[in-house]
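>>> here are the coordinates; sequence isn't available:
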């Protein structure tokens, strides 16, 4: 018997190589080639026969473009991330760490959709039907009419979808599904890519919305070829610590809505519940103001959220430490240099620790001003006033640059009862807007440079 031919497939891009290489020749990623069995060619079947047929061509201006009809899932936070609900024929890929709540949230959403009259199907490849039923009992979903199928064969899944004609189907998970046409094992690059392509093609042709659950690697990225994310319409990531009760669902890609939108959930005994006011999670409750604490308004998608930035400045040794959690450590080093050069605040011989409360990660530069004020507050041992917020980007020349959508940030702060704000001059309300009821009770100080911001803080 002839030995099976093996090839090496890249787990990032799906490219192949005849032998193992340290770097993928297609995408230049390191240590991503894994051994796989080469698929035998089918000489009697022409895979490209359909390409000989001509397709219909339409003019872009003549196409009747209408908004996609959406089906609400019954969970406001999930609908927010999806852009308003599930789109007919849309394919959603959701990934996250094991045990973070992917299956729980989807089972709750399917039950809500089924109770609203939608035909649903839950395909599980990792659990039995009895295990899914036990979870539904724990979640309080009594007498749920969601149809469940425990199957990992792609052909059987597609046949069942054709027979049942569900409006929404969940495949949990795509890494467990395999096709008989391929000889490689379930979870391999070829299987994941082929099965996802077939399910996506079925969703587009039938109008069934399909949700694929994906595993993640130890680095936190979705397992399988990167082409998997290009196939689907929406990619969602579950974020959060399994030891914490809060979960964030973030949209990384969405063809039918905004990206970087987030939904905030709290894990309870009855499953995941949406959090309507996430700012309360990221704000510590201090009876009195404490040194080293400054609140900022960050944007997550279209949602403004208040986050507390905490700083601790302590005497260090000959090699002072610079540590940040939830913020870019390189940017922290740059802000310390700007603080010394333009504001006269020296931390050269001090350990500096900065933290974004609540485990949130802030990637936008609008946190610069709040970070610098919290560091100065900790160094001087003087707390900032009660009800104080600040946001704005700080440049290397010491200028305070505007943050996008500053008016919405200020409205959110005023709504939550904050009374004093230091913001970039370009983000201050326009002339005559001080009497605007949206900013009632909020005193706004507009600054152009970091020195002005420090002077305003000293005068408060």
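Here it is on my side, so go on. Remember, it's a predicted structure, so these values are computed and weren't measured experimentally. Residues are numbered from 1 along each chain as shown.

>>> okay, and the helix or strand of the protein with the least pLDDT?
In the chain, no helix or strand scores lower on mean pLDDT, DSSP states H and E than strand 33-37, which sits at a mean of 78.

>>> helices and strands around the following helix or strand past it, which ones?
Toward the C-terminus, strand 33-37 is succeeded by strand 70-71 as the next helix or strand (DSSP states H and E). Counting contacts by 3 or more Cβ pairs under 8 Å, 6 or more residues apart in numbering; DSSP states H and E, strand 70-71 is packed against strand 86-87. C-beta: built from backbone N, CA, C; applies to glycine.

>>> so what does the top strand by length along the chain touch, helix or strand wise?
Ranked by residue count, the top strand of the chain under DSSP state E comes out as strand 303-315. If contacts are counted by 3+ Cβ pairs under 8 Å, 6+ apart, strand 303-315 sits against strand 293-300, strand 350-356, helix 368-380, helix 406-415.

>>> and the helix or strand following it, which residues are buried?
Once the chain leaves strand 303-315, the next helix or strand it forms, by DSSP H and E, is strand 322-325. Under the neighbour-count criterion of 16 or more other Cβ atoms under 10 Å, strand 322-325 has 322, 324 buried.

>>> would you mind pulling up the elements that strand 322-325 packs against?
Going by 3+ Cβ pairs under 8 Å, 6+ apart, strand 322-325 lies up against helix 329-343, strand 350-356.

>>> Serialize these to TSV and add fields for mean neighbour count.
What follows is the helices and strands packed on strand 322-325, written out as TSV (neighbours: other Cβ atoms under 10 Å):
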stretch	mean neighbour count
helix 329-343	17
strand 350-356	20
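
>>> those into CSV, with extra columns for mean pLDDT?
Below are those laid out as CSV (pLDDT from 0 to 100):
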stretch, mean pLDDT
helix 329-343, 93
strand 350-356, 94
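
>>> nearest to residue 124, out of these?
Closest to residue 124 of the helices and strands packed on strand 322-325 is strand 350-356 (Cβ to Cβ; 36.6 Å).

>>> gap between that closest one and the chain center?
26 Å (Cα atoms, centre = their mean, to the nearest Å).

>>> what is the orientation angle of it with helix 329-343?
Strand 350-356 runs at 120 degrees relative to helix 329-343, counting by axes from the mean of the first three to the mean of the last three Cα atoms, to 10 degrees.

>>> quick one: strands adjacent to strand 350-356?
strand 303-315 (antiparallel), strand 322-325 (parallel) (DSSP bridges).

>>> so for the first one, what gets flagged as buried?
When burial is assessed from 16+ other Cβ under 10 Å, strand 303-315 yields the following buried residues: 303, 304, 305, 306, 307, 308, 309, 310, 311, 312, 313.

>>> same question for that strand, mean pLDDT?
In this model, strand 303-315 has a mean pLDDT of 92.

>>> between it and helix 368-380, how big is the angle?
Put simply, strand 303-315 runs at 30 degrees to helix 368-380, going by the same axes, to 10 degrees.

>>> end to end on stretch 278-295, go ahead and measure it.
Stretch 278-295 has an end-to-end distance of 14 Å (Cα to Cα, to the nearest Å).

>>> in it, what counts as buried?
In stretch 278-295, counting by 16+ other Cβ under 10 Å, buried: 278, 279, 281, 282, 283, 291, 292, 293, 294, 295.

>>> so what touches that stretch?
Here stretch 278-295 makes contact (Cβ atoms under 8 Å, 6 or more residues apart in numbering) with 246, 264, 275, 303, 305-313, 356-358, 360, 370-371, 373-375, 377-378, 380-386, 388-390, 412, 416, 418.

>>> please indicate which of these are buried?
Buried by 16+ other Cβ under 10 Å: 246, 264, 275, 303, 305-313, 356-358, 360, 370-371, 373-375, 377-378, 383-384, 388-390, 412, 416, 418, out of the contacts of stretch 278-295.

>>> off-centre distance for the longest strand of the chain?
Mean C-alpha position of strand 303-315 versus that of the full chain (Cα atoms, centre = their mean) differs by 21 Å.

>>> ok, stretch 351-359 next?
Between the centre of stretch 351-359 and the centre of its host chain there is 21 Å, according to Cα atoms, centre = their mean.

>>> for stretch 348-363, same thing?
Chain-centre distance of stretch 348-363: 21 Å, with Cα atoms, centre = their mean.

>>> could you tell me the end-to-end distance of it?
End-to-end distance of stretch 348-363 (Cα to Cα): 25 Å.

>>> just stretch 309-325 next, same as before
Using Cα to Cα, one end of stretch 309-325 lies 10 Å from the other.

>>> repeat that for stretch 115-129.
Taking Cα to Cα, the first and last residues of stretch 115-129 lie 20 Å apart.

>>> now do stretch 356-365
Stretch 356-365 has an end-to-end distance of 14 Å (Cα to Cα).

>>> neighbouring contacts of that stretch?
In this structure, residues lying in contact with stretch 356-365 by Cβ under 8 Å, 6+ apart are 240-241, 244, 246, 248, 281-284, 298-299, 305, 307-310, 325-328, 331, 367, 393-394, 401, 403.
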